[in-house]
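Asker: Generate coordinates for the sequence data below:
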Amino acid sequence: MSILPAVPPGRPARPLRLAVFERRVCLEWDAPDAMLDGSTPVRVGAYAVYRRAEGDEWYEEPVGIVEKTTSFADESARPDLRYLYTVRGALAPDRPLLLGPPAEEAFADTRDVFPPPPPTGLLVLAEPEGTRLAWTPVLSPTSPRTASTGGAPPTPAGRGSPTG
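Answerer: A predicted model of the protein is given here:
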């Protein structure tokens, strides 16, 4: 009988790729090329995905553990924050995780740069002093501070938009 050491997977092969969407941050990565000791074939049973705020010094518990895939959607990321992400391969999804080295960190900025939904109920009103536009304001689902104003001041007769 012999005892063989458990060797974790190596570092994911390429830098993380991520995309920031209105309600989530999506990450993709490539599997390691070899195990930590350089051997092949690579055996990865799970990946641990870590996230930290930009000012934090270290990563806490994984934000997610995924099996048999090299992608993850972080739906718990909050808007208007800056995050750093990394991924580490593990032999199995069981805890405690036997982790390989982390992937190169990737930066995500979740500032709200997404336009709010279009307003509804648009009306063009002809008035003696000009044309008035009116609409129903619509709040953005991720940023309640952002809303359309609900109307525009009248414009001189003969002009079709408040900006002239």
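
Asker: pLDDT value on the residue at the greatest distance from the centre of the chain, please?
Answerer: Within the chain, the residue lying farthest from the chain centre (Cα atoms, centre = their mean) is residue 128, at 49.6 Å. Note on residue 128: pLDDT of 90.

Asker: before we move on, what about residue 95?
Answerer: Residue 95 carries a pLDDT score of 87 in this model.

Asker: For the protein, which segments are assigned as strands?
Answerer: Using DSSP state E, the strands assigned to the chain run over residues 17-20, 25-28, 46-53, 64-66, 71-74, 82-90, 106-109, 120-127, 130-136.

Asker: tell me which residues of stretch 105-115 are tucked away?
Answerer: 106, 108, 110, 114 (16 or more other Cβ atoms under 10 Å). Where you see a C-beta, it was placed from the backbone N, CA and C, and this is true even at glycine.

Asker: how close does the residue nearest the centre of the chain get to residue 46?
Answerer: The centre of the chain sits closest to residue 25, judged by Cα atoms, centre = their mean, with a distance of 1.3 Å. Residue 25 sits 19 Å away from residue 46, going by Cβ to Cβ, to the nearest Å.

Asker: One more: residue 32?
Answerer: Shown here: residue 32 relative to residue 46, a distance of 13 Å by Cβ to Cβ.

Asker: shared neighbours of these two, anything?
Answerer: Common contacts of residue 32 and residue 46 (Cβ atoms under 8 Å, 6 or more residues apart in numbering): residue 89.

Asker: No further queries at this time; thank you.
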